[in-house]
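*Asks:* Model the structure of this input:
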Amino acid sequence: MNMAGSLFATGEIMNKKVTASMQTLVGIVTPYAWDESDQVSEVSLSATDDEEYVIENSGRFLDLLQKQIRAVGMVKYGKKIHRAINIKKFELLESASFSD
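*Replies:* Prediction:
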């Protein structure tokens, strides 16, 4: 039996309770981590629920810094871990522009 698979299925990873569910979030893509050259290496989603979600598959979203998106993905959170999302699909949202 694959131990990693059975641990993940019960929601316990290294004895930490993790809750995961498919959700849709709207928010702004913001920098989360930088490399040794001060280039953004990871991004997060600052969502409209006033929470920050680390984007697990950040590489796809580095070019969307400061853009608003609607993201659908697997959201994970627990008492001792950052909220995180693995985005399965997303939509770039147009920011409202005011014109006369």
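*Asks:* alpha carbons only for contacts and neighbour counts from here, please
*Replies:* OK.
*Asks:* Val75 and Leu25 touch, don't they?
*Replies:* No - contact criterion Cα atoms under 8 Å: Val75 and Leu25 do not qualify, at 9.4 Å.
*Asks:* where are the low-confidence patches of the chain?
*Replies:* Applying pLDDT under 70 to the chain flags residues 1-16, 95-100.
*Asks:* report the longest strand in it, please.
*Replies:* The single longest strand within the chain, with elements called by DSSP state E, is strand 19-34.
*Asks:* how about the following helix or strand past that strand: buried residues?
*Replies:* Next helix or strand after strand 19-34 toward the C-terminus (DSSP states H and E): strand 40-47. For strand 40-47, burial by neighbour count (16 or more other Cα atoms under 10 Å) applies to 40, 42-47.
*Asks:* For beta bridges, what are the partners of Val26?
*Replies:* The partner list for Val26 in beta bridges (DSSP bridges) reads Arg70.
*Asks:* Tell me, how many residues neighbour the residue nearest to Leu25 when sequence neighbours are not counted?
*Replies:* Excluding its sequence neighbours, the residue lying closest to Leu25 (Cα to Cα, 6 or more residues apart in numbering) is Ala71, at 5.3 Å. Burial of Ala71 is recorded as 21 neighbouring residues (other Cα atoms under 10 Å).
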